[in-house]
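S.K.: I would like to see how this sequence folds:
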Amino acid sequence: MKFVLFNNGTPGLLRTDGVVDLSKIIQPITSETGQKAMEAIISNSKNLKSELEHIEKSGNALSISNVSLLAPLPQPSKIFCMGGNYTEFGHREPGPMWGFQKSNNTVIGPGGTVNLPPEDANIFHHEAELVLVFGRAGKNINEEEAFDYVFGYTCGVDVSARMPGGSFKFQPWRGISEHKSYPTFAPMGPALVTKDEITDPQNVQIRLTVDDQLRGNFNTSDMAHSIAKSIAFVSQFESINTGDVLYTGTNHQGLGAMQDGDNINIEIDRIGDFSFNVKDSLKRQWDKGIDEETAEDIREGTGGPGRRKRPIS
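M.R.: I've put the predicted structure just below:
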């Protein structure tokens, strides 16, 4: 099943013919909308199973053209992120695991706008990622039991401001990352797809385009540390709540600058796709296309993302 939030945070079920309103089904559980409504669906999905299956087949659907989809998890209590979690098409051996958090007020949904802050950044990068959604609370989760805590998946972009003069000191867990936590820096959507719909999340293709030009194009099979290992890792440092999300990392070979006027689309097989826009009040410009210098730095292990980049105007 594919769950969505639409219009003013109304919960819905996404079908090929449109969106079915789930408000009446969850009314006995909660009258909340938005994040709370989605958490109620996640927590009560087993009890609601027969009603959801019925409505999936026979409920009246609203045309997708007549609704506005929102992020399916607009304000999770925690947004976890894995860092350096791909082998860059086999060029790098798996290194020590590390991760961080984004502030939970960073989420935007389909059709939203990423606002680049007026900070003295080297560059702003898009990082396309598979995002998993937790279905139950936990701490210190065993790798063997990791998928018991997964409810489903969605698409996400980890927007990253690369700052000048930064020094890299390895820390397994870095808490909330300031330069990844500006408002609007966590695009997410279009739907929360239940895990039974994804045969193997460790083998799905992720694509990202900017103004219809392909940049990122990679498979989750390239992860240096598996999804199960990643869940076990982050749960060592932080407790996990129902409706929290984990950005599982990106392949850096398709990164590029985000700049004013861009329209960015992320698509993940069997999960869906969505687009968002970019606005920069300073109208800074970088070279268009893939950031080949960063790709080489990451591939060869010679530096951090965006270390040599500056706006060209």
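S.K.: What residues are bridge-paired with residue 219?
M.R.: Under DSSP bridges, the beta-bridge partners of residue 219 are residue 205.
S.K.: Neighbours of it, how many?
M.R.: Residue 219: 15 surrounding residues under other C-beta atoms under 10 Å. To be clear about C-beta, it is placed using only N, CA and C from the backbone, and glycine gets the same treatment.
S.K.: what's the domain layout of this protein?
M.R.: What automatic domain parsing lists as the domains of the chain is 2-70, 79-300.
S.K.: Is it correct that residue 115 is in contact with residue 279?
M.R.: Yes: Residue 115 is in contact with residue 279 according to C-beta atoms under 8 Å; the separation is 5.3 Å.
S.K.: Looking at these two, which one has more neighbours?
M.R.: residue 115 (17 against 14).
S.K.: and the residue nearest the centre of the chain, what does it touch?
M.R.: In the chain, the centroid-proximal residue (C-alpha atoms, centre = their mean) is residue 156; its distance is 2.2 Å. With C-beta atoms under 8 Å, 6 or more residues apart in numbering as the criterion, the residues that contact residue 156 are 128, 129, 130, 131, 186, 187, 188, 245, 247, 266.
S.K.: does the last one count as helix, strand or coil?
M.R.: In the three-state summary, residue 266 is assigned as strand, counting by DSSP: H, G, I helix; E, B strand; the rest coil.
S.K.: how many neighbours does it have?
M.R.: 27.
S.K.: thought it was touching residue 159?
M.R.: No: the criterion here is C-beta under 8 Å, and residue 266 misses it with residue 159 at 11.5 Å.
S.K.: any residues in contact with both of the two?
M.R.: With contacts defined as C-beta under 8 Å, 6+ apart, the residues shared by residue 266 and residue 159 are residue 187.
S.K.: follow-up on the earlier one: deepest in the core, which of the domains of the chain is it.
M.R.: domain 79-300 (a mean of 19; mean count of other C-beta atoms under 10 Å).
S.K.: Kindly check the end-to-end length of it for me.
M.R.: 29 Å (C-alpha to C-alpha, to the nearest Å).
S.K.: still on that earlier bit, ok, the nearest residue to the residue nearest to the centre of the chain once chain neighbours are set aside - contacts?
M.R.: Using C-beta to C-beta, 6 or more residues apart in numbering and skipping residues adjacent in sequence, the residue nearest residue 156 is residue 131, 3.8 Å away. Contact analysis of residue 131 by C-beta under 8 Å, 6+ apart lists 153, 154, 155, 156, 188, 245, 246, 247, 248.
S.K.: Do you have the helices of the stretch 101-250 of the chain handy? List them.
M.R.: In the stretch 101-250 of the chain, the helices defined using DSSP state H, counting those that start in this stretch lie at 227-237.
S.K.: Low-confidence regions, it specifically.
M.R.: 166-169 (pLDDT under 70).
S.K.: show me where the stretch 201-313 of the chain has strands.
M.R.: Assigned by DSSP state E, counting those that start in this stretch, the stretch 201-313 of the chain shows strands spanning 205-210, 213-219, 245-247, 263-268, 272-280.
S.K.: Which of the helices or strands spans residue 56?
M.R.: helix 49-58 (DSSP states H and E).
S.K.: for whichever helix or strand comes after that helix, the distance to its chain's centre please.
M.R.: Next helix or strand after helix 49-58 toward the C-terminus (DSSP H and E): strand 69-70. Relative to the centre of its chain, strand 69-70 is centred 15 Å away, using C-alpha atoms, centre = their mean, to the nearest Å.
S.K.: partners of strand 69-70 in the sheet?
M.R.: Strand 69-70 has these strand partners (DSSP bridges): strand 2-6 (antiparallel).
S.K.: Just the C-alphas of the strand it pairs with, formatted as PDB.
M.R.: Written as PDB, here are the backbone C-alpha positions of strand 2-6 (Å, rounded to 0.1, in the frame of the first residue of the first chain):
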ATOM      1  CA  LYS A   2       1.000   3.600  -0.600                       C
ATOM      2  CA  PHE A   3       0.000   6.100   2.100                       C
ATOM      3  CA  VAL A   4       0.000   9.800   1.500                       C
ATOM      4  CA  LEU A   5      -0.900  13.100   3.100                       C
ATOM      5  CA  PHE A   6      -2.700  15.600   0.900                       C
END
